[in-house]
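Colleague: Following is a predicted model, sequence given first.
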Amino acid sequence: MLTDSYGRVHRDLRVSLTDRCNLRCTYCMPAEGVPWTPTPELLTTDELLRIVDTAVSAGITEVRLTGGEPLLRPDIVDVVRGIASMTSNDGEPVEVSMTTNALRLPRLAEPLKEAGLARVNISLDTLRPDRFQQMARRDRFDDTMTGIAAADAAGFHPLKLNTVLLRGVNDDEAADLLRWSVERGYELRFIEQMPLDGGHIWQRSEMITGAEILAMLREEFELTEMPGRGAAPAERFLVDGGPSTVGVIASVTMPFCGACDRLRLTADGQLRSCLFARGETDLRTPLRDGSSEEEITALIHACLASKLPGHGINEPGFLQPPRPMSAIGG
Ligand code: SAM
Ligand code: SF4
């Protein structure tokens, strides 16, 4: 079992497949000048699957693929198939899910479903093409919509959508986005903007808090808190009595670190115990130097032992980690 010094059992591995992206969302990446990880430093498909397999033997039961944009990885279907064929220690197949901007889903939704991808979360911050261009710095609103429809058609249900609200940009769309999602049977989740962007634009005073989001939604919907959150980051609510739900991930104002069960592997093979960790454990070099599965397992446990009780965003002296969200994997 992957238990840390605070008794938290870790079952969820977030794997970043690339730090590259075909969008440039302002809250995530700067417009230009992003230093991409050179290809030789990226884990190959085989290396990636070996590390995931070792983590699964150590206690991981769920793997979420992310990035950057995970669908930019040419071997994405093979990666999904390889992980979906692994069996966790409880005898069940490893559950593979993905967070994506959906741009490549029209071509990939069906093959990914067939390869064993269980769930998809799609980022959608606005229903207005002009705002999409402003927020993502690319004119790809229609492609995103086509991608969402492709995921729906391929049978990824319930489809989850992630939204980041920015003050004065798209914060007047909270209710519209929820209505749109409810009408289509999608589960919308609002994520508080976190200090993880490559452009360092995050400001606490500008962030739209979970409490503000709920207040905006309650002007138009009746929200009933749902029990049984477990280790899930989202606090979930029934919308107008259900069955539709909405989630709020208030990582900054209502941290859920006490129930965290996540480890993160970057595309260049560094294991992180937290999005906000300032240190990381290199698994790529020992793997390439021929370390055994036991030695890699020992490194995973060492990384876990370094995990702090909380992310510390609200403490004096908090420092944003050197890696931005796009290079850690959200
Ligand atoms: N490219 C994919 C996508 O956008 O879904 C996967 C990677 S992206 C880093 C994963 C999630 O992190 C997205 O839902 C995105 O909105 C969210 N995200 C990125 N930067 C963030 C930030 N500074 N604060 C909160 N969420 C952020
Ligand atoms: Fe790309 Fe996702 Fe970051 Fe947007 S949030 S720039 S889609 S990695």
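Modeller: All right, it came through fine. The shown structure was predicted, so the numbers you read here are calculated from the model rather than taken from an experiment. Ligands and ions are numbered 1, 2, ... in the order given.

Colleague: residues in contact with stretch 134-150?
Modeller: If you take C-beta atoms under 8 Å, 6 or more residues apart in numbering as the criterion, stretch 134-150 is touched by 22-27, 31, 100-106, 109-110, 122, 124-126, 128-129, 132-133, 159, 161, 166, 169-170, 186. Every residue, glycine included, has its C-beta placed from N, CA and C.

Colleague: buried subset of those residues?
Modeller: 23-27, 100-106, 109, 122, 124-126, 132, 159, 161, 166, 169-170, 186 (16 or more other C-beta atoms under 10 Å).

Colleague: which residues of the stretch 1-150 of the chain fall in strands?
Modeller: Using DSSP state E, counting those that start in this stretch, the strands of the stretch 1-150 of the chain run over 12-16, 62-66, 95-100, 119-123.

Colleague: State whether Phe310 is indeed within a strand.
Modeller: Quick fix: residue 310 is Gly, not Phe. No - under the criterion used here (DSSP: H, G, I helix; E, B strand; the rest coil), Gly310 is coil, not part of a strand.

Colleague: How about it, nearest residue that isn't a chain neighbour?
Modeller: The shortest distance from Gly310 to any non-neighbouring residue, by C-beta to C-beta, 6 or more residues apart in numbering, is to Cys257 (4.1 Å).

Colleague: how many neighbours does that neighbour have?
Modeller: Neighbour count for Cys257, taken as other C-beta atoms under 10 Å: 18.

Colleague: just checking, it touches Lys307?
Modeller: No - between Cys257 and Lys307 there is no contact under C-beta atoms under 8 Å: 9.4 Å.

Colleague: okay, and the common contacts of those two?
Modeller: Cys274.

Colleague: ok, Cys260 - contacts?
Modeller: 8, 231, 274.

Colleague: my bad, Arg278
Modeller: Contacts here follow C-beta under 8 Å, 6+ apart; on that basis Arg278 touches 319, 321-322.

Colleague: Which residues of the chain lie near ligand 2?
Modeller: Residues of the chain found near ligand 2 (C-beta under 6 Å from any ligand atom) are 21, 23-25, 28-29, 67-69, 101, 123, 326.

Colleague: For the residues you listed, please prepare JSON lines with the additional fields pLDDT and distance to ligand 1.
Modeller: Output for the residues of the chain next to ligand 2, formatted as JSON lines (pLDDT from 0 to 100; distance: C-beta to the nearest ligand atom, whole Å):
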{"residue": "Cys21", "pLDDT": "95", "distance to ligand 1": "6"}
{"residue": "Leu23", "pLDDT": "96", "distance to ligand 1": "7"}
{"residue": "Arg24", "pLDDT": "95", "distance to ligand 1": "11"}
{"residue": "Cys25", "pLDDT": "95", "distance to ligand 1": "6"}
{"residue": "Cys28", "pLDDT": "92", "distance to ligand 1": "4"}
{"residue": "Met29", "pLDDT": "91", "distance to ligand 1": "8"}
{"residue": "Gly67", "pLDDT": "92", "distance to ligand 1": "5"}
{"residue": "Gly68", "pLDDT": "93", "distance to ligand 1": "6"}
{"residue": "Glu69", "pLDDT": "97", "distance to ligand 1": "4"}
{"residue": "Asn101", "pLDDT": "98", "distance to ligand 1": "4"}
{"residue": "Ser123", "pLDDT": "98", "distance to ligand 1": "4"}
{"residue": "Ser326", "pLDDT": "77", "distance to ligand 1": "5"}
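
Colleague: need those in a markdown table with distance to Gln270, can you?
Modeller: As requested, the residues of the chain next to ligand 2 are exported to a markdown table (distance: C-beta to C-beta, whole Å):
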| residue | distance to Gln270 |
| --- | --- |
| Cys21 | 19 |
| Leu23 | 24 |
| Arg24 | 23 |
| Cys25 | 23 |
| Cys28 | 19 |
| Met29 | 19 |
| Gly67 | 14 |
| Gly68 | 14 |
| Glu69 | 19 |
| Asn101 | 23 |
| Ser123 | 23 |
| Ser326 | 14 |
